[in-house]
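With the sequence up front, the predicted model follows.
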Amino acid sequence: MMSLPISMPWSSPVFPKPPHAWKGVQVVVFPFVPRPDVLRRILPPGIEAVDGPGMITLLSYPQTEIIHPFKECVVMVPVRVGKTLGNYVPHIYVTTDEALIPGREIAGFPKLIADVRWERDGNHFQGSATRWGKKILSLEGTVDAPLPAEMAAAQGDAARKPAINYKLIPGPAGEIEIEEITAVDIDVQTRSAEIGRGRVHCEASADDPVAELVPDSEGPMIVLLSDNTIPAGRVLERIERKERAA
């Protein structure tokens, strides 16, 4: 229970103080090659692209004592901030306000509400994210076998890299009050891991330009069952704008 509000509104706070933890999260991970020209264009100042694959992650979170079930679709690309290597999150979609509000308020995840599907029937998987009636991303494939140990180790290394965001919050008059680059070191404890093949397709959308960054492609698809903990984030860099001091 939340004895003291740490979020809006005061009379009915949406989430408790972190860490936030879930047991038995269903996860699908699909690597992709970001379009380099688009990647360079969308990165905020202070965040530098590095070589390596991006990742599409579709997750289904179970009920906890205080948070209802929700689903999530995340697009990540490899970046560097100073000496910190991590994954910048240009696109992320969730199905509930409980999932959206803490992500935006605490760490600056650019979360949006969408209809996110996560469906597995035997060895077949289907997932998607739909907004304003347009299926902006769909991923489907088959699960073939347990994930080999060497690939599991590589997946673990990727999961341990922090999620990086550019947190930008205006004040009530429209001035920028908070501008910083944040990192969140998400703890993922894998219970089981499988591998298969998948294919991703993104539909062009002016509201959600995921298709500009993510080309249609086929490749390995990893399916996990894990226990996930999202702790409080940390600030990598604070940005001071000249107009803020004026």
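Arrived safely. Please read these numbers as outputs of a predicted model, since none were measured by experiment.

Which pLDDT value goes with Leu213?
On the pLDDT scale, Leu213 is placed at 98.

With Arg244 instead?
50.

just Pro172 next, same as before
Pro172 is given a pLDDT of 89.

Confirm that it sits in a strand.
No. Applying DSSP: H, G, I helix; E, B strand; the rest coil, one finds Pro172 to be coil, outside a strand.

Need phi/psi at it.
Dihedral pair for Pro172: phi -60, psi -20, per degrees, to the nearest 10.

From Pro110, how far out is it?
21 Å (C-beta to C-beta, to the nearest Å). The way it works is simple: take the backbone N, C-alpha and C, and place the C-beta from them, glycine included.

same deal with Val74?
From Val74 to Pro110 the distance is 10 Å (C-beta to C-beta).

can you pull the contacts of Val214?
Phe32, Pro34, Arg35, Gly54, Ile56, Val75, Leu137, Val200, Cys202 (C-beta atoms under 8 Å, 6 or more residues apart in numbering).

what residues are shared contacts of Val74 and Pro110?
Val89, His91, Ile92.

Save those as TSV, and put in pLDDT and neighbour count too.
Formatted as TSV, those follow (pLDDT from 0 to 100; neighbours: other C-beta atoms under 10 Å):
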residue	pLDDT	neighbour count
Val89	97	23
His91	98	24
Ile92	98	23
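
among those residues, which are in strands?
Val89, His91, Ile92 (DSSP state E).

still on that earlier bit, Lys23: which of the contacts of Val214 is nearest?
Each of the contacts of Val214 was scored against Lys23 by C-beta to C-beta, and Ile56 proved nearest at 23.5 Å.

Which stretches in the protein count as helices?
Taking DSSP state H as the criterion, the chain carries its helices at 36-42, 97-102, 149-159, 210-213, 242-245.

Go through those helices and name the closest to Val184.
Among the helices of the chain, if distance is taken as C-beta to C-beta, the winner is helix 97-102, at 11.0 Å.

coming back round to it: can you tell me which of the helices of the chain is nearest to Trp10?
helix 97-102 (13.9 Å).

Would you mind writing the CA trace of that closest one as CSV?
In CSV, the C-alpha atoms belonging to helix 97-102 read as follows (Å, rounded to 0.1, in the frame of the first residue of the first chain):
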residue,chain,number,x,y,z
ASP,A,97,-2.0,4.4,-17.3
GLU,A,98,-0.4,2.6,-14.3
ALA,A,99,2.4,1.5,-16.7
LEU,A,100,2.6,4.8,-18.5
ILE,A,101,2.8,7.3,-15.7
PRO,A,102,5.7,6.0,-13.6
